[in-house]
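Peer 1: below is the sequence, then the predicted model.
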Amino acid sequence: MNDVALRSEEVDGRHLRRERNREAVVEALLEFYREGNLQPSATEVAERAGSSARSLFRYFDDVDDLCSEAIRRQNQRIMPLAMFDIDLSESFSERLDTLINARMTMFEANGFLGQVARMRAPIQPLIAAELAQGRTFMRNQVKKILAPELGALDPVRAEGALAAIDVLCSWEGYQLLRVDQGHNRATASAILRTSIATLLGITLAD
């Protein structure tokens, strides 16, 4: 093996080690978040990743950079849970169940990351932009899946109903129902079904 090949192999090896170490740091921070520790110290994160606090900042500019990467990584993982086929030939009840189940599953998988993202958004523009993009996506998703029912209302009422349903199906609405009010998933889902149907002027069958 010539000198050029050896140097190339060394560079590749260092790059791979750096990426593995960087990944370990991100996963360590996500573990702390999942455990409910929303502000672990750099030393705690580094120790769990098998590194040192000093070396941690060879992989990230600062703590904000690390948090942004962790939130971005988690968002990539849970985004498929937010996706579902929208079939307007299905009944209102079927489409409503699809929407609610998808949101509940996604928010459950997200764990404490939703709270961390909202804590960081006021001081980290990139996180704020990701939240805004996600909110727009979820609002448009509600608008599409409930298009027949919203279209049956006059424009002013439809806009008000869409805004209220968007709030009910948001992470904040989930937190209020599941965490603050302590409802289990089945009860929270039932509350959402009844509330959304009422906003659209629809009576659900028992």
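Peer 2: That came in fine, so what should we check first? Numbering: from 1, shown residues only.

Peer 1: please report how far residue 103 lies from residue 151.
Peer 2: 22 Å (CB to CB, to the nearest Å). Any C-beta I mention is one placed from the backbone N, CA and C, and that applies to glycine too.

Peer 1: and the helices in the protein?
Peer 2: Along the chain, the segments classed as helices by DSSP state H run 3-35, 42-48, 53-59, 63-82, 92-110, 113-120, 125-145, 147-151, 155-168, 171-174, 185-199.

Peer 1: which parts of the shortest one are buried?
Peer 2: What it means is helix 171-174. The neighbour-count check on helix 171-174 (16 or more other CB atoms under 10 Å) flags 171, 173, 174 as buried.

Peer 1: so what's the residue count around the closest residue in space to residue 104 that isn't next to it in sequence?
Peer 2: The shortest distance from residue 104 to any non-neighbouring residue, by CB to CB, 6 or more residues apart in numbering, is to residue 185 (5.7 Å). By the criterion of other CB atoms under 10 Å, residue 185 has 15 neighbours.

Peer 1: with residue 151 instead?
Peer 2: Residue 151 has 9 neighbouring residues, counting by other CB under 10 Å.

Peer 1: ok, now which ones touch the closest residue to residue 193 other than its chain neighbours?
Peer 2: Distances taken as CB to CB, 6+ apart put residue 96 closest to residue 193, at 5.9 Å, once the chain neighbours are dropped. Contacts for residue 96 (CB atoms under 8 Å, 6 or more residues apart in numbering) come out as 146, 193, 196, 197.

Peer 1: what do you get if the cut-off is 10 Å, keeping everything else the same?
Peer 2: 90, 145-146, 149, 165, 189, 192-193, 196-197, 200, 202, 204 (CB atoms under 10 Å, 6 or more residues apart in numbering).

Peer 1: would you check how far apart the residue lying closest to residue 29 once chain neighbours are set aside and residue 172 are?
Peer 2: Ranked by CB to CB, 6+ apart and with sequence neighbours excluded, the top spatial neighbour of residue 29 is residue 70, at 4.7 Å. As defined by CB to CB, residue 70 lies at a distance of 21 Å from residue 172.

Peer 1: where are the low-confidence patches of this structure?
Peer 2: 1-15, 206 (pLDDT under 70).

Peer 1: distance of residue 141 from residue 38?
Peer 2: Distance check for residue 141 against residue 38: by CB to CB, it reads 28 Å.
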